[in-house]
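Novice: coordinates for the following, if possible.
(one chain, ligands or ions: 1)
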Amino acid sequence: MKIGRSLAFTALTFMALPAMLAGCSANADPDGPKADIVTPASADAAAAGPQETAPAQPPADGLAVEPPAPPASAEEPAQPATSHVALKYLIGDIDPASDPMFTRIPDKYLGGSRVWGHKDAVEAFVRMAEDAASNGYKLKIVSAFRSFNDQKKIWEDKWTGRTLVGGKKLNASVPDPKARALKILEFSSMPGTSRHHWGTDFDINALDNNYFNNTREGKRIYDWLVQHASTYGFCQTYTKKGDETGRTTGYEEEKWHWSYRPVADWYLKQYPIDVGYERLTGFEGATTAKDIDVIANYVQGIDPECKQ
Ligand SMILES: [Zn+2]
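Specialist: Just a heads-up that it's a prediction; the model follows:
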């Protein structure tokens, strides 16, 4: 009897182990990593494997139709800084409303319709916004988490001319696909490459450098952020390009975009290991991604100080 029970216990423990190890990937995701420690070999396997067993890109309606199953470790998701990040978190293929890694931004700090963020980033932002408020500075998040499909809509609206870029319909004014992609990439990411997929990055107060350069309130807010945001873990990833910052590639300056480094740094390290150009498909103009090398030039084209 005793041996029987012990064997049964061992068998149960053995069966439960993979679920426990898969803590950070939150549920049994076929795109998830196969090991906690990434070696080049396991990274290749992780990148190549799901192509045979799962769709290479998020299904167009996947987020709405298939909310992730409740994870085994919902109460205590592993800290991303010590575990492998599942691919779905890197490319925004998740539903934040049912994912334990995400939380809703409190209404008092919302200034837009994107209401979700990585729970650690939201917590840090709230601390920062409370301290800012007590010193007379109002911080509001005007954009936060965006899914692959959210970004696809933004990108394709610009690609097809539904959204004007610089007052123009790009489908007519820039017929060359690479040139058109580069024009959109001045301020918008390709689906699958945005830091907004991670929930770690927030656009604060206004999506407009003019507000920060030319209004009294905007200038005060920006100066406060430059002085204090790093205390809370935040960094301006898209600073002015040039000798002053040492940033040579990527999006144009965005004084509104701030990133929570304790999580985002780890995601950025994981990104080029797990996301290859075969993942960046399923949207208009996707074939230009490799040619432009958006992973090297845009995903990694952030302010050098945000990498130190
Ligand atoms: Zn942004």
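Novice: send the alpha carbons of stretch 108-126 over as CSV?
Specialist: Once side chains and other backbone atoms are set aside, the C-alpha atoms of stretch 108-126 remain, and they are given as CSV (Å, rounded to 0.1, in the frame of the first residue of the first chain):
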residue,chain,number,x,y,z
LYS,A,108,-7.8,58.2,-13.0
TYR,A,109,-4.6,57.7,-15.0
LEU,A,110,-6.2,56.9,-18.3
GLY,A,111,-6.4,59.4,-21.2
GLY,A,112,-7.3,57.0,-24.0
SER,A,113,-9.0,53.8,-24.9
ARG,A,114,-6.1,51.4,-24.4
VAL,A,115,-6.5,50.3,-20.8
TRP,A,116,-4.2,47.3,-20.2
GLY,A,117,-0.6,47.0,-19.3
HIS,A,118,1.9,44.5,-17.8
LYS,A,119,1.1,44.4,-14.1
ASP,A,120,4.6,45.4,-13.0
ALA,A,121,4.7,48.3,-15.4
VAL,A,122,1.2,49.5,-14.3
GLU,A,123,2.2,49.3,-10.7
ALA,A,124,5.3,51.3,-11.3
PHE,A,125,3.5,53.9,-13.4
VAL,A,126,0.9,54.4,-10.7
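Novice: can you list the residues of the stretch 201-308 of the chain near the ion?
Specialist: Where proximity means CB under 5 Å from the ion, the interface of the stretch 201-308 of the chain facing the ion comprises 203, 257. Just so you know, the C-beta spots here come from the backbone N, C-alpha and C atoms, and that holds for glycine as well.
Novice: flag every buried residue along stretch 119-132.
Specialist: Of all the residues in stretch 119-132, those buried under the rule 16 or more other CB atoms under 10 Å are 119, 120, 121, 122, 124, 125, 126, 128, 129, 132.
Novice: any idea what the residue in the stretch 151-300 of the chain that the ion sits nearest to is bridged to?
Specialist: Distances from the stretch 151-300 of the chain to the ion, computed as CB to the ion, single out residue 257 as the nearest residue at 3.7 Å. Applying DSSP bridges to residue 257 yields these beta-bridge partners: residue 203.
Novice: OK, contacts around residue 236?
Specialist: Remark: with contacts taken as CB atoms under 8 Å, 6 or more residues apart in numbering, residue 236 is in contact with 225, 226, 229, 254, 255, 257, 258, 259, 303, 306.
Novice: who's it bridged to?
Specialist: Beta-bridge partners of residue 236, counted by DSSP bridges, are residue 258.
Novice: mind pulling up the pLDDT for it?
Specialist: As summarised for this prediction, residue 236 has a pLDDT of 98.
Novice: next, format the buried residues of stretch 119-132 as TSV and append pLDDT, distance to the ion and secondary structure.
Specialist: Formatted as TSV, the entries for the buried residues of stretch 119-132 read as follows, by pLDDT from 0 to 100; distance: CB to the ion, whole Å; DSSP: H, G, I helix; E, B strand; the rest coil:
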residue	pLDDT	distance to the ion	secondary structure
119	98	19	helix
120	98	18	helix
121	98	13	helix
122	98	15	helix
124	98	16	helix
125	98	13	helix
126	98	18	helix
128	98	16	helix
129	98	17	helix
132	98	19	helix
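Novice: need the max-distance pair from those.
Specialist: Of all pairs drawn from these, the widest gap by CB to CB lies between 119 and 132 and measures 20.2 Å.
Novice: gap between the residue lying closest to residue 139 once chain neighbours are set aside and residue 231?
Specialist: Excluding the flanking residues, the one nearest residue 139 by CB to CB, 6 or more residues apart in numbering is residue 129, at 4.3 Å. For residue 129, the distance to residue 231 under the criterion CB to CB, to the nearest Å works out to 13 Å.
Novice: quick check: the residue of the stretch 1-150 of the chain nearest the ion.
Specialist: Taking CB to the ion as the measure, the point where the stretch 1-150 of the chain comes nearest the ion is residue 143, at 5.8 Å.
Novice: so where's the stretch 1-150 of the chain uncertain?
Specialist: Across the stretch 1-150 of the chain, the ranges flagged by pLDDT under 70 are 1-82.
Novice: tell me how many other residues surround residue 86.
Specialist: Taking other CB atoms under 10 Å as the neighbour definition, residue 86 ends up with a count of 24.
Novice: brilliant, that's me finished.
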